[in-house]
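In: Structural data only, the sequence is not supplied:
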């Protein structure tokens, strides 16, 4: 891991990866959404409203997955003082928060025709809302600490907040909720799905496309943060030379 601690080495890799990730992500997302919205069949119970799934499910997975990445980066920054870990955490946080917000908004739009209401204090919905608050709390703390040159409190919040991820995952099994259970399950013996193949294929395309775009945006934000650091360091050197 320390091989990539050097900003120059990381930037060389990030420059190569950013464009392919962006282009492939756009292609897969466009293909998944096109097939899902216009070519896949309606659900026999939910009708056309099921098409919200092709945005809602990838956003939900990336909201949770992004927070796990945020927590891992924060732990590395806190324990091993990895020079890029805190930059990675701060790059992930707003992207993960955006996907979590998309998940909540699309879920509310899906809930209206399905449940008859935009919002219920369901265990899954409430835990996703808590996830958004954790993201926002991290962003507020990291912004305040960045002005003082620190980041310890934000990292601790990110690590502690991981306890919410299994609650999100298993809430539909632990409590009686309106939210349906997982349609795709992974186990030691393989993966199983209760979704029809003509719906599963565009859903997986959307998940892959959204995931690649997530990674591309995080790389762009990290590159921008490193560029800002370089400019700030250069400005300090110039100012010191004239004082």
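Out: Yep, that arrived. Keep in mind it's a predicted model, so treat the numbers as computed, not measured.

In: where do the helices sit along the chain?
Out: 7-34, 53-79, 85-115, 123-146, 152-160, 164-174, 197-241 (DSSP state H).

In: Return the mean pLDDT over the third one, rounded to an integer.
Out: What that stands for is helix 85-115. Average pLDDT, helix 85-115: 94.

In: How about it, which residues are buried there?
Out: For helix 85-115, burial by neighbour count (16 or more other C-beta atoms under 10 Å) applies to 85-104, 106-108, 110-111, 114. To be clear about C-beta, it is placed using only N, CA and C from the backbone, and glycine gets the same treatment.

In: And for the first one?
Out: Residues of helix 7-34 classed as buried by neighbour count (16+ other C-beta under 10 Å): 7, 10-11, 14, 18, 21-22, 25, 28-29, 31-33.

In: returning to what we had before: between the helices of the chain, which one is closest to residue 45.
Out: helix 85-115 (8.7 Å; C-beta to C-beta).

In: for the closest one, packing partners?
Out: Counting contacts by 3 or more C-beta pairs under 8 Å, 6 or more residues apart in numbering; DSSP states H and E, helix 85-115 is packed against helix 53-79, helix 123-146, helix 152-160, helix 197-241.

In: which other helices and strands contact the shortest one?
Out: Packed against helix 152-160 by the contact rule (3+ C-beta pairs under 8 Å, 6+ apart) you find helix 53-79, helix 85-115, helix 123-146.

In: any residues touching that helix, and which ones?
Out: The contact list for helix 152-160 (C-beta atoms under 8 Å, 6 or more residues apart in numbering) reads 67, 70-71, 73-75, 77-78, 86, 89, 134, 137-138, 141-142, 145.

In: likewise stretch 68-85?
Out: Contacts of stretch 68-85 (C-beta under 8 Å, 6+ apart): 1-2, 4-5, 7, 10, 86, 88-89, 92-93, 96, 135, 138, 151-152, 154-156, 158-159, 161-162, 165, 222.

In: Contacts only, for residue 196.
Out: With C-beta under 8 Å, 6+ apart, residue 196 has these contacts: residue 41.

In: actually residue 226, not the one I wrote
Out: Here residue 226 is in contact with 7, 10, 11, 87 (C-beta under 8 Å, 6+ apart).
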